[in-house]
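Trainee: Kindly return the folded structure for what I paste below:
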Amino acid sequence: MKKIFYIHLILLTLTACSDVLDKSSLTSITDDQAWNDPNLADSYLAKIALDNSPGWGTAEKHCDEATAGNNFGVSYGLITSGDLQGLAYWPYANIRSINIVFEKLSASSLSESQKNLLEGQAHFWRAYVYFEMVKRYGGVPIIKDVQKLSNDIFVARNKTSECFDFIIDELDKAITMLPVTFTGNETGKINRAVAFALKGRILLYKASPQFNPSDNAALWTDAYNANKAANDSLLMYGYGLYDNFSNFWFNEMNKEVVFVTRFNNPERTTGASNDRRPTSEGMFISGGAGGSPVQELVDAFPMIDGTPIVGHSGYDPQKYWENRDPRFDATIVYNGKIWELSGKTGRIQWTYNGYNPDGYGTSFGTLSGYYTCKAVELAPTAATAVSGGVDWVEIRFAEVMMNYAEAANETGHTDVAYEVLKQIRKRAGLIPGVNDMYGLTEGQNKVEMRETLMKERLIEFAYENKRFWDLRRLRWLNRLTGTQRHGLHSIPIDPNDISKGFTLEGFIVDTQQAMNFPDNYYFLPMTKSEMDKNPNLKQTDGWDEGGFNPLQ
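Mentor: Have a look, this model is predicted:
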């Protein structure tokens, strides 16, 4: 059974380490004890990791990956300052906890190496939470010290550029302080590789049109240098592509895992797998609550030779699952697919219209005619699936490679982008084809390659909380405005004998309204509740009573 480093609570540590004859206090820990004992200080950092680690997201519902479901309005233009539709993020209580690390360690008797290890993790987490705010709002207040009652706590927003400078400085410090890796029970803790990878991702965002609409070439050069350094460093540290795409999520802590949030039953569990299961094999009427894959995602997967399905001589729309990119079978569950959930050998998943309870048109069935099997464990039963233990991998080495490829393409190194794509597709199991191009069109220019890279990211990272944010940083959300997502009806030719087959018909998922992504989505508003607390917070331009320019 895997061990999770963050479950060692301070109280348990104290109980294990205390001298039973010490009667001064058996119920409390003083600052001197906490910050002069490496085990107690490490437990504090473990709690910071627990509080700030990313988890299983649902951003696929926001775009052209999955159905939005009921009352999920991001894709319909329903964000307001009073309701950010689940996208609000304002972790200043957590930032205060992080800032305490630096204040307390400054007076600690711990060795410099011990302090560096703790401070390196704190610098990373401060960078991470600030970036998660900046990618939503642009500039936010930078608070580096523990605020006292005597301080002016009504802090104004810093410029976006100042926030980026602060975040990158934090990661540079983390890189110098953190070890290359952790082992044993500490496997999964923030190390130098994670800091390198996050720095590359952040500078890619900074260079992308969301933050760089004027296409400043210097920002792309910074992104290229950072992502090349991340790619090369991680390769040197032993990271790389795991050889089995479909098994990646189940062979935990393999060489492709970079930034991870660890789960394990019973210490810390996740219901993400349950949310992606059909109702017949889940708890609480799951019905694919994680969002049903839409036809746009299904059609994005190429054929086994890497070329698109459109116009392909080997594509049969009646047997659309045949001869596809192997990532299709590792991601998409279609009507009649063998999906051996709950350890049921040979189990077939039916999604056809009217099939109870999993089919389209039933009360708790699929909303598109599909389910996703990505990261969904087979062994747990319906009763235990809600307490899953699959780790969430926020950054895997494939993303480091793809970030490097994108920055390389934008700086005139399209050859690097080609090489990365070939490696990604080779690992996926596509056939090399003509000139070992894995279906890629030769001689693409920068604009064409940019499109190719984004299509590959959609396929490679489907259901990994990437697509919506990619479209947003590229300012491509407007491409979806006015469009409607689609699904596939599988209608039995003879309802009394499904062996006679099915008639397939496409249908519109967004029946009430088309998707709508206003331009102000690229920088979210300050929430009304936070602005009511702090009169010095200016609203983001583009929203009511705006006054803060997020592009400065």
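
Trainee: And the residue nearest the centre of this structure?
Mentor: Centrality entry for the chain: nearest residue to the mean C-alpha point is N465, 3.8 Å, by C-alpha atoms, centre = their mean.

Trainee: Quick one: low-confidence residue ranges for the chain.
Mentor: For the chain, applying pLDDT under 70 flags the ranges 1-28, 70-71.

Trainee: Buried ones in the longest helix along it, by neighbour count?
Mentor: Taking DSSP state H as the criterion, the chain has its longest helix at helix 112-137. Using 16 or more other C-beta atoms under 10 Å as the test for burial, helix 112-137 gives 115-131, 133-137. Where C-beta positions appear, they are placed from N, C-alpha and C, glycine not excepted.

Trainee: now the strands: where do they sit in the stretch 401-550 of the chain?
Mentor: Along the stretch 401-550 of the chain, the segments classed as strands by DSSP state E, counting those that start in this stretch run 486-492, 502-508, 539-540, 546-548.

Trainee: and the shortest one, what does it pack onto?
Mentor: With contacts taken as 3 or more C-beta pairs under 8 Å, 6 or more residues apart in numbering; DSSP states H and E, strand 539-540 sits against strand 546-548.

Trainee: ok, now the last one?
Mentor: In this structure, strand 546-548 packs against strand 539-540, with contacts taken as 3+ C-beta pairs under 8 Å, 6+ apart.

Trainee: Direction included, what does the strand it packs on pair against?
Mentor: Here strand 539-540 is paired, per DSSP bridges, with strand 546-548 (parallel).

Trainee: Check the offset of the partner strand from the chain's centre.
Mentor: Taking the mean of its C-alpha atoms, strand 546-548 sits 29 Å from the chain's own mean (C-alpha atoms, centre = their mean, to the nearest Å).

Trainee: list the buried ones in it?
Mentor: G546, F548.

Trainee: D243 is nearest to which of the strands of the stretch 401-550 of the chain?
Mentor: With C-beta to C-beta as the measure, strand 486-492 is the member of those nearest D243 (31.9 Å).

Trainee: Can you tell me what sits against the closest one?
Mentor: 67, 292, 294-296, 298, 334-336, 351-354, 360, 366-370, 498, 500-509 (C-beta atoms under 8 Å, 6 or more residues apart in numbering).

Trainee: Just the buried residues of these.
Mentor: Buried, going by 16+ other C-beta under 10 Å: 67, 292, 294-296, 298, 334-336, 351-353, 360, 366-370, 498, 502, 504, 509, out of the contacts of strand 486-492.

Trainee: So which of the residues you listed sit within helices?
Mentor: Counting by DSSP H, these place Q295, E296, V298 in helices.

Trainee: In TSV, list those along with distance to G314.
Mentor: Shown next, in TSV, are those (distance: C-beta to C-beta, whole Å):
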residue	distance to G314
Q295	19
E296	21
V298	17
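
Trainee: so which of those would you say is closest to R485?
Mentor: Using C-beta to C-beta, those come closest to R485 at E296, 6.2 Å.

Trainee: Next, the buried residues of stretch 294-308.
Mentor: 294-298, 300-307.

Trainee: whoops, I mixed them up, stretch 480-499
Mentor: Buried residues in stretch 480-499 (16+ other C-beta under 10 Å): L480, Q484, R485, H486, G487, L488, H489, S490, P492, I498.

Trainee: how many neighbours does the closest residue to the first one other than its chain neighbours have?
Mentor: Excluding its sequence neighbours, the residue lying closest to L480 (C-beta to C-beta, 6 or more residues apart in numbering) is M515, at 4.9 Å. Counted by other C-beta atoms under 10 Å, the residues lying close to M515 total 21.

Trainee: Tell me which two in the buried residues of stretch 294-308 are the farthest apart.
Mentor: V294 and D305 (24.4 Å).

Trainee: is it true that L480 touches F468?
Mentor: No: the criterion here is C-beta atoms under 8 Å, and L480 misses it with F468 at 10.0 Å.

Trainee: which residues are in contact with both of those two?
Mentor: Shared contacts of L480 and F468, counting by C-beta under 8 Å, 6+ apart, come down to C63.

Trainee: Pull the contacting residues for the nearest residue to E60 once chain neighbours are set aside.
Mentor: Once flanking residues are discounted, E60 sits nearest to A66: 4.1 Å by C-beta to C-beta, 6+ apart. With contact set as C-beta under 8 Å, 6+ apart, A66 has these partners: E60, G290, G291, S292, P293, V294, L297, S368, T372, Y463.

Trainee: ok, those vs S233, which is closest?
Mentor: Once C-beta to C-beta is applied, the member of the contacts of A66 that ends up nearest S233 is Y463, at 28.0 Å.

Trainee: Please list all residues in contact with the closest one.
Mentor: So Y463 contacts E60, E65, A66, R276, G290, P293, T331, T372, K374, A375 (C-beta under 8 Å, 6+ apart).

Trainee: could you flag which of those are buried?
Mentor: Buried, going by 16+ other C-beta under 10 Å: E60, E65, A66, R276, G290, P293, T331, T372, K374, A375, out of the contacts of Y463.

Trainee: So what's the gap between the helix or strand containing A197 and the chain middle?
Mentor: Secondary-structure assignment from DSSP states H and E places A197 in helix 192-207. Centre-to-centre, helix 192-207 and its host chain are 14 Å apart (C-alpha atoms, centre = their mean).

Trainee: on contacts alone, who are the packing partners of that helix?
Mentor: Using 3+ C-beta pairs under 8 Å, 6+ apart as the test, helix 192-207 ends up in contact with helix 112-137, helix 160-177, helix 217-237, strand 257-261, strand 392-396, helix 397-410.

Trainee: what angle separates it from helix 160-177?
Mentor: 160 degrees (axes from the mean of the first three to the mean of the last three C-alpha atoms, to 10 degrees).

Trainee: ok, and what's touching stretch 441-452?
Mentor: E406, N409, E410, G412, T414, A417, Y418, L421, N435, L440.

Trainee: Same question for stretch 55-63.
Mentor: 66-69, 72, 74-75, 86, 261, 270, 272, 290-291, 392, 462-463, 465-469, 471, 477, 480.

Trainee: Just the buried subset of those, please.
Mentor: Judged by 16+ other C-beta under 10 Å, buried ones among those: 66-68, 72, 74-75, 261, 270, 272, 290-291, 392, 462-463, 465-469, 471, 477, 480.

Trainee: rewinding a little: please name the residues that touch the residue nearest to L480.
Mentor: M515 neighbours (C-beta under 8 Å, 6+ apart): S75, Y76, L480, T481, G482, T483, Q484, R485.

Trainee: P266 and S387 touch, don't they?
Mentor: Yes: counting by C-beta under 8 Å, S387 is a contact partner of P266 at 7.1 Å.

Trainee: For D532, which of the helices and strands packed on helix 192-207 is the nearest?
Mentor: Going by C-beta to C-beta, the one of the helices and strands packed on helix 192-207 nearest D532 is helix 112-137, 16.5 Å.

Trainee: could you check the angle helix 160-177 makes with the closest one?
Mentor: 150 degrees.

Trainee: picking up where we left off before, select, out of the helices and strands packed on helix 192-207, the one closest to L149.
Mentor: helix 112-137 (22.5 Å).

Trainee: Now do that closest one against strand 257-261, angle only.
Mentor: 80 degrees.

Trainee: What is helix 112-137 packed up against?
Mentor: Looks like helix 112-137 contacts helix 38-52, helix 92-105, helix 160-177, helix 192-207 (3+ C-beta pairs under 8 Å, 6+ apart).

Trainee: And it, how far out from the chain middle?
Mentor: 18 Å.

Trainee: before we move on, what about stretch 97-106?
Mentor: Distance, centroid of stretch 97-106 to centroid of chain: 28 Å (C-alpha atoms, centre = their mean).
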